[in-house]
Each structure stands twice: as structure tokens, then as C-alpha cells.
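Participant: from the sequence below, what's the structure:
(one chain, ligands or ions: 2)
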Amino acid sequence: MKVLITGADGMLGRTLQHELQGVEVIPTNHKTADITDAAAFDRCLALHKPDVVIHCAAMTAVDKCETEIDQAYRINAVGTENVASACYRHGAKLIAISTDYVFEGDSPVPYTEFDAPTGGHCVYGQSKWAAEQAVRTHCPNHIIARVSWLYGPGGPSFLDKMLSLADGTREVLKVVNDQRGNPTSTIAVAQALNELLRHPELVGTYHLTCEGEATWYDFACRIFELAHVNQKVIPCTSEEFRSPAKRPANSRLAKKKLEYTLNYKMPSWDTALADYLTRFYTK
Ligand SMILES: NC(=O)C1=CN([C@@H]2O[C@H](COP(=O)(O)OP(=O)(O)OC[C@H]3O[C@@H](n4cnc5c(N)ncnc54)[C@H](OP(=O)(O)O)[C@@H]3O)[C@@H](O)[C@H]2O)C=CC1
Ligand SMILES: Cc1cn([C@H]2C[C@H](O)[C@@H](COP(=O)(O)OP(=O)(O)O[C@H]3O[C@@H](C)C(=O)[C@@H](O)[C@H]3O)O2)c(=O)[nH]c1=O
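Facilitator: Ligands and ions are numbered 1, 2, ... in the order given. Sure thing, here's the model as predicted:
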């Protein structure tokens, strides 16, 4: 099976290049397959004839999307529309990576695959929601895989930011404690995608996030604890730590589809984080 990856030089794309098993991987990037150029992307699929496209390419700088709105929609929404319609024309299954930020975050319980997002409060989430709708409209043979709070080899991620901020120059770090989600390793996502690739009959929306929940503050504390970094962290509200983009208060995703169709369990975020730091972190 041939699997073409868009945005393969990004954090998730790089992990997928190493961790996908038993398939031929065709990595593409901005230069070899610019998703905003519909004709060029179509030619790319005509050339490689993949069975599956894993679509990772996106504009992921959440705060930057607030000011560069056209660019966010050009890449995330129109780019995905191009990928979806090319997949349909060339008979490739599309696995499109989406995000917890498509939800508003005001539910008191984790969101399931059967809850309807609105796009949330920020431009990044809204443009990714437009991307999801483009996938559903233009390529019936698809999986929309929502992931969240990713970290992985080489970053960039919240984990990398925390470890670089803890350089001994700051007495305390303030981290928000009123946004709750599922910190997720790109390796755990790759393993779940391996399982989905073994089941070409499966379609629709899937949540692929690690089990268990944390606030960004909990996540930061555990990163420092497991990495044996001595950094004081204090909890704050999102009002105190002001950012241009409004993130969801509740980003937790329930993994009902993995349970119903494959009986597959994602690892706990704590175990995945410990494994990751053991493998990839050196002081
Ligand atoms: N990081 C996270 O915490 C989360 C990510 N996601 C989703 O997962 C996916 C992968 O994210 P992640 O790996 O972290 O993101 P990265 O930002 O690390 O990687 C995205 C890649 O897409 C590339 N790209 C941007 N524009 C284009 C374009 N026009 N044509 C081709 N490639 C392009 C970027 O290239 P360049 O650098 O050259 O612009 C980059 O290599 C995305 O869809 C993201 O929305 C979902 C939830 C959480
Ligand atoms: C750096 C820093 C951030 N924060 C807060 C800001 C924000 O509310 C939260 C996370 O900040 P970040 O900007 O690192 O993370 P952010 O870019 O919002 O992460 C998101 O990225 C996109 C791509 C996704 O799809 C999401 O799933 C999610 O992973 O932590 C602090 O409280 N203290 C700090 O020192």
C-alpha cells in the first residue's frame, strides 16, 4: 500500500515517516506538493498514485492565524479542499488530520465523534472546521482523525516551549489551568493510524488522543517532573495569560469510534509522556 503524506516535514509528518509500518511512504512538503496549488497537487497524485493520502499540512500557528486570516483559510480550508477533490479524482482514501480546537469548549463532558462542532472561537479552529466540511463534501472515502495537544520528536510543541523556558532565568512560569484536554504523543497517533490503515473499510470521524485529561498547568508540571527539571510553575487563568486566540476551555475528546469499531485503546497521556521523554529527552 502506498501512503502519501502532505506536510511530511512538520512534527506529525516526520513521526509518521518513521512509525508507519508495512506501507510505502511518499513524503511530500511545501516544495513538492503545495496544497494551495490545486493543479500541482493533482499532478502529484497523478504521478504517485497513492492508495491513501494522510493530510498533515496546515497552518498551525494558532495566534498567528488570528491576524493572518486569509492565509489560514487559504492553507487550512482551500488547501484541504484541493487535497480532498484530488483524492476523489484519483481514487485515494483521504485521512485528514483535524483538531480539538474545532469545538467551542463549553461542554462539561468530553466531546465524542457524534457531537457537532461549530469551529470554536479562534480562526485556526474555524479554518480547520471548514477543512473538515470540505473533506466530507468532496471525498466520501475519508477518515477525519482529530488529534490534540501534540508533542513529538523535533517539535515545535508546548512541551518544547516549556523545556526551553525553563533555562534557569525565570523564577516562576505561569501556566493556564482553566483549559483542559488530552496531551498526545505523535507516536501514539502514528500507532493508531497504523491500525486504521489495516482497516480500509473504516470511514468517518475518529478521535485519536491519549487517554486521561490534564490542564496545560498539569501538563507542564508533569513534563518538568518526568524530565527532572527544577522549575517552579504556578497556575493562572486564561484571563491572566492573555493570548490573541481564544482556546477552548474543554478540549477533551472521547474515543467512541475507536472503541466501537476496533476495540482499540490509546495509551494514557502520562505513560506516553514518560516513554517519550525517556526516548527523546536529554538534558
Ligand atoms: N500540533 C498540534 O498540537 C496539533 C496539530 N493538529 C493538526 O495536525 C496536523 C499536523 O500538525 P503538526 O505536524 O503539528 O504541524 P506543523 O506545523 O509541524 O506541520 C505542518 C506542515 O505543513 C506544511 N505546510 C504548510 N503550508 C503548506 C502548503 N501550502 N503546502 C504543503 N505543506 C504546507 C508546513 O510547512 P512549512 O513549515 O514549510 O510551512 C509544515 O511542514 C495539522 O493538520 C494540524 O492542524 C491537530 C491538533 C493538535
Ligand atoms: C508558553 C505558555 C503558554 N501558555 C498557555 C497558552 C495556551 O492557553 C496554552 C497552550 O499554548 P500553546 O500556544 O503552546 O499551544 P497551542 O498552539 O494553543 O496548541 C494547540 O495547537 C494547535 C495546532 C492544536 O491543534 C491544538 O490541539 C493545540 O495543541 O498554554 C501558558 O499559560 N504559559 C506559557 O508560558
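Participant: what does the stretch 151-283 of the chain have sitting close to ligand 2?
Facilitator: Counting by CB under 6 Å from any ligand atom, the residues of the stretch 151-283 of the chain close to ligand 2 are 158, 161, 165, 173-176, 179, 216, 238, 241, 243, 247. Quick note: C-beta positions are derived from backbone N, CA and C, even for glycine.
Participant: just the CA trace of stretch 71-80, in CSV.
Facilitator: These are the backbone C-alpha positions of stretch 71-80, laid out as CSV (Å, rounded to 0.1, in the frame of the first residue of the first chain):
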residue,chain,number,x,y,z
GLN,A,71,-3.5,32.7,4.9
ALA,A,72,-5.2,30.4,7.5
TYR,A,73,-8.2,29.8,5.2
ARG,A,74,-6.0,29.6,2.1
ILE,A,75,-4.0,26.8,3.6
ASN,A,76,-6.3,25.0,6.0
ALA,A,77,-9.6,25.3,4.2
VAL,A,78,-8.9,25.8,0.5
GLY,A,79,-5.7,23.6,0.7
THR,A,80,-7.8,20.8,2.2
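Participant: which residues sit against it?
Facilitator: Here stretch 71-80 makes contact (CB atoms under 8 Å, 6 or more residues apart in numbering) with 35-36, 55, 57-59, 64-65, 96, 123-124, 127-128, 130-131, 134-135.
Participant: and the stretch 1-150 of the chain, which of its residues are near ligand 1?
Facilitator: 6-7, 9-13, 29-30, 34-36, 56-60, 75, 79, 97, 99, 128, 147-150.
Participant: among those, which are within reach of ligand 2?
Facilitator: Answer for those near ligand 2 (CB under 6 Å from any ligand atom): 60, 99, 148-150.
Participant: elements contacting the longest helix anywhere in the chain?
Facilitator: With secondary structure taken from DSSP state H, the chain has its longest helix at helix 123-138. Where contact means 3 or more CB pairs under 8 Å, 6 or more residues apart in numbering; DSSP states H and E, helix 123-138 is packed against helix 62-67, helix 69-72, helix 79-90, strand 93-99, strand 142-147.
Participant: now do the third one and strand 142-147, the angle between them.
Facilitator: Meaning helix 79-90. With axes from the mean of the first three to the mean of the last three CA atoms, to 10 degrees applied, the angle from helix 79-90 to strand 142-147 works out at 150 degrees.
Participant: buried stuff in helix 79-90?
Facilitator: Neighbour counts over helix 79-90 (16 or more other CB atoms under 10 Å) mark 79-88 as buried.
Participant: of the residues you listed, just say which sits nearest to Asp270.
Facilitator: Thr80 (32.5 Å; CB to CB).
Participant: so how far is Arg222 from that closest one?
Facilitator: 33 Å (CB to CB, to the nearest Å).
Participant: same thing with Pro27?
Facilitator: According to CB to CB, Pro27 and Arg222 sit 32 Å apart.
Participant: same deal with Leu150?
Facilitator: 16 Å.
Participant: and those two? Which one has more around it.
Facilitator: Shown here are Leu150 and Arg222; by other CB atoms under 10 Å, Leu150 has more neighbours (24 against 17).
Participant: how about the residue of the stretch 1-150 of the chain at minimum distance from ligand 1, what does it touch?
Facilitator: Nearest residue of the stretch 1-150 of the chain to ligand 1, counting by CB to the nearest ligand atom: Gly10, 2.0 Å away. By CB under 8 Å, 6+ apart, the contact list for Gly10 reads 56-58, 60.
Participant: who's Asn250 bridged to?
Facilitator: Arg180 (DSSP bridges).
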